[in-house]
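Q: dropping the sequence and predicted coords here.
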Amino acid sequence: MYAFGVNPWVWASPVDDEALAALVPRIASFGFDAVELPIEQPGDWDPARTRDLLAAHGLVAAAVCAVTPPGRELVDAAPAVVESTVDYLRGCVASAAAVGAPCVGGPVYASVGRTWRMSAAARAACHADFRRALAPVAEQAGGCGVSIGVEALNRYETSVVNTVAQTIELIDGLPPSVGIMIDTYHMNIEESDPYAALAAAGPYIKHVQVSGTHRGAPGSDHFDWPRFFAVLGETGYRGAVCIESFTAENDTIATAAAIWRPLAPSQDRLATDGLRHLRAVTAGVPAGG
């Protein structure tokens with residue numbers, strides 16, 4: 001039913017041409033169907049080279065992941081900062097189109113780790129800022145057949161949107177090319193009922209990321225994966241489902257993702273155990289629930 005993919009962040013950061021040349025053959029050998037491609041800095045990887053590398057190993061690009069470190073902001077920021085962030089997102093869309101990825105996904109509204117209190121009026125202004133800033137990126141995306149998946153993060157990583165309901169409100173009024181990127185890690189923290197939230201997100205889902213509730217392999221945690229996939233099947237989503245986790249070997253990414261301990265016997269095991277579990281679960285879930 002689904003193409004299963006993985007983000008190379010499981011093993012490396014930055015994900016550049018050198019990292020992809022080493023990792024893509026291994027990812028294919030593990031039995032994955034697809035790869036998520038983060039863009040930490042423009043130019044980290046060449047789209048044409050990456051497209052050919054994936055094709056040579058029977059893989060597809062599941063999504064381009066937009067990365068928002070401090071200084072990438074669409075809301076409550078100086079005009080020059082917003083403009084540079086729009087330019088970055090435009091580049092992500094162009095790279096997605098060039099590599100054949102159907103979606104650009106991520107917390108595209110503000111940098112990860114930036115939190116501040118907002119009154120109702122301030123939140124409404126924040127949402128208006130976001131819609132206004134993202135509009136030209138959405139138009140570009142729609143014109144080249146790429147969608148934008150807005151990702152809600154947990155309360156410790158953002159104060160803009162933490163839940164599916166908030167994300168639906170945030171994207172209201174934007175074109176159909178803009179929707180939601182699901183991430184089970186954040187849903188497990190923030191949603192009182194993640195499966196009901198997934199159902200509510202159904203018409204808007206553009207991409208799906210999965211990880212264990214501890215950021216490890218799906219299946220090594222307490223999440224109800226059969227129930228999750230039953231609901232996902234009922235939404236009609238048939239795109240890629242990708243494992244996202246992070247290596248503890250890179251200080252920057254380990255600190256940003258709060259990876260303080262090994263999450264599996266090895267990073268290879270995290271990926272392969274997770275893939276094995278996802279395939280086993282979905283083999284037992286009929287299409288449509």
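A: Sure thing, it's come through.
Q: quick check: buried residues in stretch 136-146?
A: Using 16 or more other CB atoms under 10 Å as the test for burial, stretch 136-146 gives 137-138, 140-142, 146. Backbone N, C-alpha and C define where each C-beta goes, glycine included.
Q: what does stretch 72-79 give?
A: By neighbour count on 16+ other CB under 10 Å, the buried set for stretch 72-79 is 72-77.
Q: for the residues you listed, which two are the farthest from each other?
A: Spanning the widest gap among those are 72 and 76, at 12.9 Å by CB to CB.
Q: quick one: common contacting residues for these two?
A: Residues touching both residue 72 and residue 76 (CB atoms under 8 Å, 6 or more residues apart in numbering): residue 110.
Q: for the protein, which helix or strand comes out least confident on mean pLDDT?
A: Least confident helix or strand of the chain, by mean pLDDT, DSSP states H and E, is helix 251-256 with a mean of 77.
Q: how confident was the prediction at the residue located most distally from the centre of the chain?
A: If you look at how far each residue of the chain sits from its centre, by CA atoms, centre = their mean, the farthest one is residue 121, at 28.8 Å. With respect to pLDDT, residue 121 scores 97.
Q: now do the strands in the protein.
A: With strands called from DSSP state E, the chain shows them at 4-6, 34-39, 60-66, 103-106, 147-151, 178-183, 205-210, 241-243.
Q: report the angle between the fifth one and strand 205-210.
A: So the one you mean is strand 147-151. Interaxial angle, strand 147-151 versus strand 205-210 (axes from the mean of the first three to the mean of the last three CA atoms, to 10 degrees): 50 degrees.
Q: the stretch 101-250 of the chain: helices as residue ranges?
A: For the stretch 101-250 of the chain, applying DSSP state H, counting those that start in this stretch gives helices covering 120-143, 164-171, 184-190, 194-201, 225-235.
Q: between those helices, which one is closest to residue 210.
A: Closest of those to residue 210 is helix 184-190, at 4.8 Å (criterion: CB to CB).
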